[in-house]
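Colleague: predicted model and sequence below, questions to follow.
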Amino acid sequence: MQKRFVEKSLQTMSSDTDISLSSYDEDQGSKLIRKAREAPFVPIGMAGFAAIVAYGLYRLKSRGHTKMSVHLIHMRVAAQGFVVGAMTLGMGYSLYQEFWGKPKP
């Protein structure tokens, strides 16, 4: 009796596990592409942040008489501003899709 219960519970667990693991079959590249399609301004914000940081590092040696701390603060503010702007545009885009982009029934 106990053996039959254990076998039945193992069969149930294996079928539940197969169903739940099917959602994990997605690899990282396809997951990133899917997420980028759902929220297109997130990768734009990330790319802009990376570009501003790279530009700031490039300009680090030719900053003139500006102090290092002031240069780093300016680059941080520019990068944060770009990310906040991308988030704001993303929110406006999603609001447009939610309320005005849908056809009325």
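Modeller: Right, received. Where do you want to start? Numbers count the residues shown, from 1 in each chain.
Colleague: where does the residue nearest the centre of the chain fall, secondary structure wise?
Modeller: Central residue of the chain (C-alpha atoms, centre = their mean): residue 42, 5.5 Å from the mean position. Assigned by DSSP states H and E, residue 42 belongs to helix 41-58.
Colleague: would you agree residue 90 is in contact with residue 41?
Modeller: Yes - contact criterion C-beta atoms under 8 Å: residue 90 and residue 41 qualify, at 3.2 Å. Just so you know, the C-beta spots here come from the backbone N, C-alpha and C atoms, and that holds for glycine as well.
Colleague: more neighbours: which of those two?
Modeller: residue 41 (20 against 16; other C-beta atoms under 10 Å).
Colleague: quick one on the thing from earlier: and the helix holding residue 42, what's buried?
Modeller: 41, 44-45, 48-49, 52, 56 (16 or more other C-beta atoms under 10 Å).
Colleague: so what secondary structure elements neighbour it?
Modeller: helix 28-38, helix 68-95 (3 or more C-beta pairs under 8 Å, 6 or more residues apart in numbering; DSSP states H and E).
Colleague: run the chain-centre distance for stretch 49-62.
Modeller: 22 Å (C-alpha atoms, centre = their mean, to the nearest Å).
Colleague: sorry, that was for stretch 48-68
Modeller: 25 Å.
Colleague: could you do stretch 71-80 as well?
Modeller: 22 Å.
Colleague: model confidence over that stretch, on average?
Modeller: For stretch 71-80, the mean pLDDT works out to 92.
Colleague: who touches that stretch?
Modeller: The contact list for stretch 71-80 (C-beta atoms under 8 Å, 6 or more residues apart in numbering) reads 48-49, 52-53, 55-56, 59-60, 63.
Colleague: can I get these in a markdown table with distance to residue 75 and pLDDT?
Modeller: As requested, the contacts of stretch 71-80 are arranged in a markdown table below (distance: C-beta to C-beta, whole Å; pLDDT from 0 to 100):
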| residue | distance to residue 75 | pLDDT |
| --- | --- | --- |
| 48 | 13 | 91 |
| 49 | 11 | 91 |
| 52 | 7 | 92 |
| 53 | 7 | 90 |
| 55 | 8 | 92 |
| 56 | 3 | 90 |
| 59 | 8 | 89 |
| 60 | 9 | 85 |
| 63 | 10 | 82 |
